[in-house]
Every structure is written in C-alpha cells, then in structure tokens.
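**Q** Sequence first, then the predicted structure:
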Amino acid sequence: MPKRKLLKDQDRRKLVDIPADEESLIRHYSLSPADRLEIELRRRNHNRLGFAIQLCLMRYPGRVLGAEETPPRAMLKFVADQIGAAPAEFALYARREETRRDHMARLMVYLDTRSANPQDRRAALLAAIQAASLSDDGAVIASSLVTAFRERGVLLPAIDTIERIGLAGRAAARRRAEKTLLESIPFDKLQSLDKLLEVDLSIGQTRFHWLRSAPEAPGASNLVGLIERIAFLRELGIDPTLQARISSGRWDQIIREGNATPAWLANDFNANRRHALIVAQVIKLCQKLTDDAVTMFIKLMGKLFSQANNRKKRRQMDCRANTAKALRMFLDTITALQSANDYGRNALEVLDQKVGWHRLLRMKPELESMVDDNEASPLVVAGEQYATVGKYTGAFLQAFTFRSARRHDPLLAAIALLKQLYAERRRTLPDRIPLTHLSQTDRRLIFAQEKPDRRLYEIATLAALRDRLRSADIWVDGSRSFRPIDEHLMPRSTFITMKEEDRLGLGVQGDGAQWLAEARQMLDFNFQRLAHRARSGKLEGVRLEAGTLVVTPTASEVPMAAEELNAEISDMYPLVEVPDLLREMHEWTGFADSFTHVRTGDVPKNVSAMLAGVLADATNLGPKRMAGASKGISAHQIGWMRTFHARSETYRAAQACITDAHTRHPHSRLWGDGTTSSSDGQFFRASDRAAKRGDINLHYGSEPGSKFYSHLSDQYGYFSILPISPTESEAAYVLDGLFDQDTALDIQEHFTDTGGASDHIFGLFALIGKRFSPRLRNLKDRKFHTFDKCDAYPALSNHIGAPINADLILDHWDDLLHLAASITTRSVVPSTILKKLSATPKQSHLARALRELGRIERSLFMIEWYSSPALRRRCQAGLNKGEAAHKLKRAVFFHERGEIRDRSFESQAFRASGLNLVVSAIVHWNTVYLDRAITQLKREGRNIPDTLLKHISPLSWEHINLTGIYTWDAENQMSNGFRPLRLPVGLRRAA
C-alpha cells in the first residue's frame, strides 16, 4: 500500500528547500560580525564555507545540511562572498562525515538549539491538531508544525517525520470534530440515520439519493416535492445549530467528503465517521433545499407574471382584425359626423345613414372586450392562473418561517392570514385584511367588486413576498441564501477593527468627506476640460453635433501582414490528438495533480482517467460515452476520478496551474502584462431535461438555454467561468470572476460590454481599488452626473443628468466600506449581494448610495472615454480577445450539438469548468509552439517585429483532432520534450 502523504511535492519543497532569490538570501543568510568570528575559527576555506552554510541552514529553514547535499549556487555564492571564499570550495567540504557532525554539534551550542525530543514532537502534534481543527489543508498543518518547532528553538526533523506528525494531528482533529458533532445526539437516533443509506422499497432508491436528486426545474409539483423533502429532513430531528460546534473549515471538509461519498461506500466507514457525514449532510441538505424551494418560488412568481404579460400581448395580437374593423368604424363615424356638421344636417340621422346606429351598438361589446384586454392589469391576467398557484402556495407558506426587520410588518401579517386560510380551507377573505404592503393600484383591483377578491389578494401578496425575498428585506429561517444583508457581510466588529487599524486595503480612504472633496474637484476639472476640447474640436475621433458628443467607431488595428503571418504559423503547428495535448500539458505544468482526493489530498493515481473525465466535461460528451469512445480507460475509472477528485475547488486549482504557467511563458508578454482582463457571456442552447430548467431570453431566440460567463486575461489566459441564467444581468457576476480564482494574476483593469456594466459595478470597482472600463452601447444617450447643476457646463448640457447626492454617499460611507471589505476578504460572493441590492425598484439606502458613488465613477470614465482614443482601443482589443476565444470554445464543446443537457446546476458548472480548462490547455500549448515557430522563422532570417507578433493569437484549433477514438495510453515519441513543427519544404531543407 503506498505511503499516505500530507503534502504535495511543491509544498514539501517550500518548507525545507533553500531559497535562491535575492530578497530571501539577504533576509535569512546575511552573516553578523559574531557569525564571521565563529566561522573564522575553522582552519581551511572549504571548512569555513561548509560551517557557514550549516549555520545559515540551521537558522533557516531550521534544519541540518543533508549528507551529500549541495545548496543552490546562488546561496553558495552569497555566503561565500561574505567570508571571502570561492563557491567551488564547497565540493571539498564534509568528505569526512565526522567533520559535518562536529560542525553541527558546535553550531547547536552556538545557536542555542537542539534536536527535537519527544516533548517537542508532542507540542508539534498539539499544534497540528489545532491547525487541523480549522483547516484540512496539509500545507497549513505542516506550517503550524514548523512554527511550533521553531518557537521551541529546536531543529526541524526530517520532512517525513513532519508529515507523519501532521497526518496524526489531522486524524486526531477529524476524530474530535466527529465526536463533537455527535455527542448530543442519542445513540438510537444515530442508528436510525443509517437507514438513509439503505434502499427504500417505497421509492426504489436510498433516501439520500432521493434527497440529493431533487428537481430544479420550476414547477408546481417540483416545488411541492422540495417541500416534502424538507419535511422529511426536519422529521429526523437533527439540530442545525450543531454546525456551530466545529470550525467552518472542518465543517466544510466533512461536507466535501459527504458530497463525494456514495451510500455503498459510507457503509464501510467506522460508526463515528459515517454518522458525522450523515448528520452534516442532513443539515446541509435542509439548508440547500430551503434555498432551492425559495428560489423556485421566486422563479414561479416571476414566470406567472411573465406569462400574464405574454398572454395579454397575444390577445392584443389575436384581435388585430377586430381592432382594424373598430378603427374603420370609428373613422366612418367621424366622417359622418363631420359631414353632418359641414352641411348643417342632423348628426344622428347622418350617422345612422352612413354607419348604422344598430351596427354601432352591436360593436359595443367587442369594443368593451378589446378595451378590457388592452387595459388589463398583469395582476388580473395572472389571477387567471390561480388554480396553478394554489397547488403550492399553502404548502410553501406553511413550510417556512419568514422574518422582517420592520416591526409589525404588514406583509408578514398578510402571510399569516394566508396560512390561516389554507389551514382552515377557507376560500373567502375576512372583512379586515392587511393591505399596506400592496400598491394603491393593486388595492383598487382587489376591491373592484363588492367583496375583496381572494385570488388577486393572494397573488399580489405573493408577488410582494417575491420582491422582498430577492432584496433580503424578508428572510427565511434555515436558509443560507435568504438572510439579512448584514449576515452575508463580514462581522461588523471585524470591520470596525480593520478600519481602526487601517487594514481595509481598499481603493478609497476611510474619510468619506475627503474622498468626496477630491472626487468633486477631479470631476469638475475633467468636465471643464472635456467641454473646452469639444468646443475647440480637439477630441480625436469625437465630434460635437448640436450639443451632442458623437464617437467615431474604432477602426481595426490588425494589419494584413498579421493575418498572413497567422495563417503561415497555423500551418506550422504540429498535428496532435487532444488526449496527447492534455497529457503533454500535464507533463509541462502538472495541472492534473491539482485534482486531489477529497479526504487524503493525494494526487490522482490514474492521470489518464482524470484527463478523460476533464475532456468528457469539456466536449459535452459525458463520462460514460467518453469511456465508450476511449481506449485504455473504463467508465468505472473515470467515474472514480470524478467522484473523489473533481470538485469546484480542484478545477479552480487546475485552472490556476495552467494559467500561471501561461503567464510565465515569455511569449505571453507580447499580448499584455497580465494586469487587464475582460469578461463576456456565451449562450448555449438547452435540450432534454435541461430545457425544463433553462430560461428563455429572446435576444438569443425562443429556445431555453444557459450562459457560460468567463473571464480572460490580456494574455489569453482564462481564469474563471460560471454558468448563469441567460435572463440574468451579467453585471452581477463581473466581480465574481476576479475574486473566485486562485491564479497569480494581479488584475488592475477590467473590460466588459454593456451587459456587464451598471452604476453599482462602477462604484464597487472604485471601492476595491480596481479600474472598470466597459464598452458602453448608445453612449451619447447616457448622462453625466455632476455635483453642480447643468448650467455650470452649458456646452454639454445635453449630456448632464441628475446631480450627485453627496449627502447620501457620506451618510452611508462606512456601510460602503463594509461592503467592499467583505468582497475583498471573500466574506461574500459579489453576485450574491449585488443581486439583492438591485432586486427591487425601491432600493435600499445602501443600494442608492452605491449607485450615487458609481455615477461619479461612470462620469469620470465617460469623460476619459471621449478624451482618450488609447482607452477606446485598449478596451476594444481586450473584448476582441474574448469574443475570438468564444469560437474555440464552441469548437471544443461540440458533442450533443453543443447543447446543454445537464439538469443540475452543479453538472453544468462542471461542464463549464472542464471547457475552460481544456481551452486554456489548448491556448498554452499553442503558445509554446507559436513561440517555437517564430524562433524557427527568425532563425531562417525573417524579420518579425513584436508589434506584428502581438496580433497573432493562440486560438487556432485546426491542427488538433477533437473527435474520433480517444487513446490515453499512447507512448511519448517526442524528441527534446517537443513535437517537430510542420515546416514548409524550403524551411525543412534549411533546418
């Protein structure tokens, strides 16, 4: 059985390897006068150098020099220069093992250190247990061990010993967490939980599978099904507050293991481990299903009113013939009345003669019907579907407890009334009902008849509940997503401490008044300068027409020579099968090792199966059909790798591994320095089961689907992707990609198109200290916002909108800082809070303050956009890269006609992550061979300037075979680690 490891190879090296960078050498290996004096006591140069090297290593990283170990040349030279020795003399040191040991003993006395004894190891074990109680990360645990040894002034033991202690500490922390989680649960209840792992004959599956396979498509029966599952979980009697008894890091690890563990495998675990996994899954599933049920209710109510509006439009279209007929009669009536008036005749006689009085009367009912249809409120039309709404409303309201920050909230009173009506099976409303949560229009419709309309009242109340749930104005007990906004942010006490200690690290200062004063001055100066340049005709590519600024579209900067060179280089790429490409990428970067085992942290033992699973996601083929299309890989092997190694965090780590390798490649610097990025959504149609879950956005056609929203660096390196609904605003997800990623990229400026822009996004980018540069459509119709009235800038008065509400920003400055700090510290997912802030027409004070701040930043940006052709070109170039990369994604995601067929969001997220990873692998592989092709052409005397090379993208795929039989056990036949280029005949002879 292979030895279990705590650390990855790079983590082991980080702990005990000798640093070679200049900063570390200076910090750790600068010798003091006392050190030099002690070193000089040694007789020969090589002994002095070896003694000095041992001294340095025993200080940092705190270990002894290994037998036959040679330090890095940079470290040898740095130390040798300080004592006047030559680095080469180290080769003579320690030929006698006795000398090395004698020096080590002397240095222990000089440095007042010693080897670790059992007490030291026990202290290190306690430190490992403490660290492992907070995190399962082997590197974190090992680091705590090393710190414990150093604090006790002892030398580090061998790295294998450190790993053994760390593994023991992690195992002890796991056992403690399991015991803490279970200690208050009666034994008989724990035993009854095991039944969740057994097949229930009444449903033909295990209860756990039934709970996990809850439907996601919005529908009345599906919502009732979710509520049934929630009721089942509650009947188990597991207290959700048990989660708070262990750390969040340990809880998350138990959840990850439970998510990956099938029922048949859990039965083989020891009782405590098995029961802890079940308890954690019960609590997590109850929270998740609660969120799913509330989300489905919100979608159903939105769908109800959307369908009502569509029905109203269809009715108007259906009665077009009658409308034309009525308009013709109306025209005839006017003509008859005009004729009677002109000739002084009796109007009624002429009307009866020309049109027909009885004909007019017959038309009256039709006209009344058309008017009613045209003026019908969406609430009234939605009321026609009350029978469907009634199928789930009672169960939904009874299943949850709703909370509000408002005292005596009328909406909660209305919900309580509806609960009572459903419980008592009453159809009519009482005489007195809560109404102040409804608009005046809704109230008039409800009381249009003698008695209040129960149908309209209920639907209007449910619509109000939907809006307030979305904005976090109403929240739900037992939910993670539908909580008060403050609970999503970092604790207020933590924020106050960070602010007082000046540790917020934001892009604005803590003094809101000072920031506003500077912003006001900057905005006024920039606007005055823009107005002057506009009047003088000094804006390049911009003209002033009738008081309106008009921007000339940016012309393409790609020269014809670049297109010709791109075609030439594309023909030079080696032909490659996609499995071989992925394996070569793993050999170069080790990205497959990022898919660690959910419990042990081990790297995949079957790399081919792991790569096949990734390709199955990327090509939309799926694991079973990938096994059928592969040689050397079975469906069981792919399934095992996906179950225990493929998770969102491991996909994210693998993505970072490839993207960081791409960033380090010298050729990538021709495209950018890695500080700018762009994001865009790509629509994929949904079919089969996914079609029921998918949403329809008429911008993409009448078929349902999903969007993959991805982020791309200026070097063509993808670093984030997530599936979103095509009906959702992309703006809410712009910041998600910048923070939910593990690459070394330091993005300072981000580009989007209009769909990714909003005033809230402008405001947040300013708060976190990054630059937001969207390409805004219909720019001339967008207004500037200034602190002064528009008459202060008469030349551009057409462009000036409402003034900035500076007082609102100042009043909520701390709240804005709190929000931004919560995002930068990853306490909250940006899209979660942004969707709540923009959910209702009547926004909260925080949402309005953020909008006002965003208006300042957008106005400054628009001024620069009009003034700077370089900004317009930079933004256009950044977005062009993302749009060009969409074609490569479409080519890779080709199975099942490129349609999404996964029912669950998690499966779609895996598809998206696999697609991003494989496309990133192709981009980096192409970059490597693009660089080799350029080198070959230059070797033949071609002069290819960098200004031309920056237009050659690594997005070609014609040389990659993406289809056919996938072979995963092919031998590597490359010489020097690279495939030969496909050279034209002339170049081949010369080479």
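**A** Thanks, I have the structure now.
**Q** Could I get the full set of strands for the stretch 701-850 of the chain?
**A** Remark: strands assigned in the stretch 701-850 of the chain by DSSP state E, counting those that start in this stretch are 705-713, 718-724, 749-752, 771-774.
**Q** What of the stretch 251-400 of the chain?
**A** In the stretch 251-400 of the chain, no segments count as strands under DSSP E, counting those that start in this stretch.
**Q** so where's it uncertain?
**A** 371-375 (pLDDT under 70).
**Q** 90 instead, please
**A** The model of the stretch 251-400 of the chain has pLDDT under 90 over residues 262-265, 267-268, 306-378, 380-384.
**Q** same thing with the stretch 701-850 of the chain?
**A** Low-confidence segments of the stretch 701-850 of the chain (pLDDT under 90): 701-706, 725-729, 777-781, 786-802, 838-844.
**Q** quick one: contacts for residue 153?
**A** Counting by Cβ atoms under 8 Å, 6 or more residues apart in numbering, residue 153 makes contact with 112, 113, 114. In this view, the C-beta of every residue, glycine as well, is placed from N, C-alpha and C.
**Q** Which one, of the strands of the stretch 701-850 of the chain, ends up nearest to residue 279?
**A** Of all the strands of the stretch 701-850 of the chain, strand 718-724 sits nearest to residue 279, with 29.9 Å by Cβ to Cβ.
**Q** so what strands line up beside that closest one?
**A** Neighbouring strands of strand 718-724 in its sheet, by DSSP bridges, are strand 705-713 (antiparallel).
**Q** Just the C-alpha atoms of the partner strand, please, in CSV.
**A** In CSV, the C-alpha atoms belonging to strand 705-713 read as follows (Å, rounded to 0.1, in the frame of the first residue of the first chain):
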residue,chain,number,x,y,z
GLY,A,705,-30.6,27.7,-22.6
SER,A,706,-27.8,28.8,-20.3
LYS,A,707,-24.8,31.2,-20.4
PHE,A,708,-21.2,30.4,-19.5
TYR,A,709,-19.8,33.7,-18.2
SER,A,710,-16.0,33.6,-18.4
HIS,A,711,-13.0,35.9,-17.6
LEU,A,712,-9.9,36.1,-19.8
SER,A,713,-6.6,37.9,-19.2
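**Q** related to what we said a few turns ago, can I get the strands of the stretch 701-850 of the chain in TSV with distance to residue 167 and mean neighbour count?
**A** Shown next, in TSV, are those (distance: least, Cβ to Cβ, whole Å; neighbours: other Cβ atoms under 10 Å):
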stretch	distance to residue 167	mean neighbour count
strand 705-713	37	25
strand 718-724	32	25
strand 749-752	42	23
strand 771-774	46	22
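**Q** Could you export those as TSV, including distance to residue 804?
**A** What follows is these, written out as TSV (distance: least, Cβ to Cβ, whole Å):
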stretch	distance to residue 804
strand 705-713	31
strand 718-724	31
strand 749-752	23
strand 771-774	18
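**Q** Which of the ones you listed sits closest to residue 961?
**A** Across those, residue 961 has its closest neighbour in strand 718-724 (21.8 Å, Cβ to Cβ).
**Q** residues making contact with the closest one?
**A** 655-656, 659, 677, 679, 681, 706-713, 730, 733, 736-738, 740-741, 743, 745, 885, 905, 908-909, 911-913, 915-916, 919-920, 923.
**Q** Just the buried ones out of these, please.
**A** Among the contacts of strand 718-724, those classed as buried by 16 or more other Cβ atoms under 10 Å are 655-656, 659, 677, 679, 681, 706-713, 730, 733, 736-738, 740-741, 743, 745, 885, 905, 908-909, 911-913, 915-916, 919-920, 923.
**Q** Surely residue 562 and residue 952 touch.
**A** Yes: Residue 562 lies in contact with residue 952 (Cβ atoms under 8 Å); the separation is 6.3 Å.
**Q** Counting neighbours around each, name which of the two comes out higher.
**A** Shown here are residue 562 and residue 952; by other Cβ atoms under 10 Å, residue 952 has more neighbours (24 against 17).
**Q** OK, contacts around that one?
**A** Residue 952 neighbours (Cβ under 8 Å, 6+ apart): 562, 565, 566, 569, 930.
**Q** tell me the secondary structure for it?
**A** coil (DSSP: H, G, I helix; E, B strand; the rest coil).
**Q** Looking at the contacts of residue 952, which is nearest residue 663?
**A** residue 930 (15.4 Å).
**Q** what separates the closest one from residue 303, distance-wise?
**A** Computed as Cβ to Cβ, to the nearest Å, the residue 930 to residue 303 distance reads 48 Å.
**Q** Of these two, which one has the most company?
**A** Per other Cβ under 10 Å, whichever of residue 930 and residue 303 has more neighbours is residue 930, with 25 against 14.
**Q** For the residue lying closest to the more buried one once chain neighbours are set aside, list the residues it contacts.
**A** Leaving aside its sequence neighbours, residue 930 sits nearest to residue 954 (Cβ to Cβ, 6 or more residues apart in numbering; 5.6 Å). Contact analysis of residue 954 by Cβ under 8 Å, 6+ apart lists 716, 922, 923, 924, 926, 927, 930.
**Q** Which secondary structure state does the fourth one sit in?
**A** Looking back up the chat, that one is residue 924. helix.
**Q** What score does it have for pLDDT?
**A** For residue 924, the model assigns a pLDDT of 98.
**Q** Is residue 910 part of a helix or strand, or is it coil?
**A** With three-state DSSP as the basis, residue 910 sits in helix.
**Q** Against residue 26, how distant is it?
**A** 46 Å.
**Q** now residue 521
**A** 43 Å.
**Q** Next: residue 536.
**A** For residue 536, the distance to residue 26 - Cβ to Cβ - is 55 Å.
**Q** Skipping adjacent residues, who's closest to residue 831 in space?
**A** residue 732 (4.4 Å).
**Q** surely the one you found meets residue 836?
**A** No: Residue 732 lies out of contact with residue 836 (Cβ under 8 Å); the separation is 9.7 Å.
**Q** biggest helix in the protein by residues?
**A** Assignment by DSSP state H gives helix 271-318 as the longest helix of the chain.
**Q** I figured residue 915 hits residue 682, correct?
**A** No: if you go by Cβ under 8 Å, residue 915 and residue 682 don't touch, sitting 9.5 Å apart.
**Q** who touches both of the two?
**A** With Cβ under 8 Å, 6+ apart, residue 915 and residue 682 have common neighbours 708, 889.
**Q** check which helix or strand covers residue 403.
**A** Element membership of residue 403, judged by DSSP states H and E, is strand 402-404.
**Q** Now the element after that strand, going C-ward?
**A** Where DSSP H and E defines the elements, the next helix or strand beyond strand 402-404 is helix 410-424.
**Q** Output the next helix or strand after that next one as CSV, nothing but the C-alphas.
**A** Going down the chain from helix 410-424, the next helix or strand is helix 440-446, by DSSP H and E. Extracted in CSV, the C-alpha atoms of helix 440-446 (Å, rounded to 0.1, in the frame of the first residue of the first chain):
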residue,chain,number,x,y,z
GLN,A,440,-52.8,51.6,-4.5
THR,A,441,-53.4,50.1,-7.9
ASP,A,442,-53.5,46.5,-6.5
ARG,A,443,-55.8,47.6,-3.8
ARG,A,444,-58.3,49.1,-6.3
LEU,A,445,-58.3,45.9,-8.3
ILE,A,446,-58.8,43.7,-5.2
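**Q** Fine by me, we can end here.
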